[in-house]
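> build me a model from this:
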Amino acid sequence: MIGHPGMKLWAVLVWLGLWQLLYEVTDVNGRDLLLSSPVQVAKKLWEMMGTDNYWSRVLFSSLHVTAGMLLGACLGTLLGACAFFVSFVRELLRPLVSVIRSVPVVTFIIVAVYWVGYRELGMFISFLICFPVFYSNTQTGLHSADGKLLEMAKVFRLGFFKRISSIYLPALIPHLLSAGEVAVGLAWKSGVAAEYIATATSVLSIGGGIYKAKTAMMTVDTLAWTVTIVCLSALFSRLFKLALGLLGRRWGAGK
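All right, here's what the predicted structure looks like:
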């Protein structure tokens with residue numbers, strides 16, 4: 001099974017082995033300029049974790065990326081539901097959502113600097129990237145509600161809020177879980193990218209740490225920060241799934 005813990009460990013070990021092999025091939029006179037080995041990255045990450053600078057950057061980025069993602073999730077779900085039930089809202093938001101999906105992230109980053117400033121840029125970009133994911137998945141989830149149950153609710157004259165809680169929510173939650181799995185990774189990638197581009201300030205962020213490592217041509221530092229982002233993304237994805245899983249069990253829709 002794909003979800004079996006042993007299978008996951010096996011897959012990780014395979015990719016670590018390929019990483020080590022690629023390092024051996026690209027190593028130039030032992031300087032690891034192009035790529036650092038997994039062991040070197042692990043040692044560097046452990047070293048960085050012993051400093052206040054590392055945790056300050058992690059805390060700053062975590063708070064801003066998470067805030068942006070949660071704002072995108074809440075507003076995307078709310079407006080997605082409104083668009084499902086009200087055609088005027090759906091047609092009104094269609095061009096906006098289309099623009100957000102198609103415009104390159106770097107364009108939003110450059111323009112948004114003037115709107116929200118450098119400190120809040122990562123949060124704003126994370127929100128902007130997550131919003132259309134939850135907006136679309138919300139409508140898809142509501143569309144997937146059981147038609148027969150809706151007919152029964154109509155026959156027995158169930159109220160609107162009763163239909164929401166007993167029919168629509170159980171259908172919606174699995175789609176929100178799917179949206180969360182996609183959005184968490186996108187939020188971290190786009191949020192840190194925004195921090196990297198906007199690192200003209202002295203703000204301690206993960207993006208700023210990557211920029212500093214790039215400037216000093218420290219490949220091992222860059223990869224250590226990359227591993228940090230992957231771990232944080234996995235952690236927050238798990239927390240999001242746990243939170244929605246609890247809500248799903250409350251409505252009989254959790255997996």
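> could you measure from residue 186 over to residue 94?
21 Å (C-beta to C-beta, to the nearest Å). Every residue, glycine included, has its C-beta placed from N, CA and C.
> the more surrounded of the two?
residue 186 (19 against 11; other C-beta atoms under 10 Å).
> and the more buried one, what element?
If you go by DSSP states H and E, residue 186 is part of helix 169-197.
> using CSV, write out every CA atom in the helix or strand that comes right after that helix.
As assigned by DSSP H and E, the chain's next helix or strand after helix 169-197 is helix 206-215. Taking C-alpha atoms only, helix 206-215 is exported to CSV below (Å, rounded to 0.1, in the frame of the first residue of the first chain):
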residue,chain,number,x,y,z
ILE,A,206,13.6,31.8,5.6
GLY,A,207,13.6,33.5,2.2
GLY,A,208,16.1,36.0,3.6
GLY,A,209,18.3,33.0,4.8
ILE,A,210,18.2,31.5,1.3
TYR,A,211,19.2,34.8,-0.2
LYS,A,212,22.1,35.2,2.2
ALA,A,213,23.2,31.7,1.4
LYS,A,214,23.0,32.3,-2.3
THR,A,215,25.0,35.6,-2.0
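> other SSEs contacting helix 206-215?
helix 52-85, helix 169-197, helix 219-250 (3 or more C-beta pairs under 8 Å, 6 or more residues apart in numbering; DSSP states H and E).
> now what about it, what contacts it?
54, 57-58, 60-61, 122, 191-199, 219, 221-222, 225-226, 228-229 (C-beta atoms under 8 Å, 6 or more residues apart in numbering).
> circling back: go through the helix holding residue 186 and flag the buried ones.
169-177, 179-180, 183-197 (16 or more other C-beta atoms under 10 Å).
> report the contact partners of the most centrally placed residue in the chain.
Centroid-nearest residue in the chain, with C-alpha atoms, centre = their mean: residue 184, separated by 1.7 Å. Neighbouring residues of residue 184 by C-beta under 8 Å, 6+ apart: 69, 233, 236-237, 240.
> need phi/psi at the residue nearest to residue 64 when sequence neighbours are not counted.
Counting by C-beta to C-beta, 6 or more residues apart in numbering, residue 123 is the residue found nearest to residue 64 once chain neighbours are left out, at 4.1 Å. The phi and psi values for residue 123, taken as degrees, to the nearest 10, are phi -70, psi -40.
> you'd agree residue 123 is up against residue 67?
Yes. Contact criterion C-beta atoms under 8 Å: residue 123 and residue 67 qualify, at 5.1 Å.
> measure the closest residue to residue 72 other than its chain neighbours to residue 136 for me?
Leaving aside its sequence neighbours, residue 72 sits nearest to residue 130 (C-beta to C-beta, 6+ apart; 3.0 Å). Distance, residue 130 to residue 136, using C-beta to C-beta: 11 Å.
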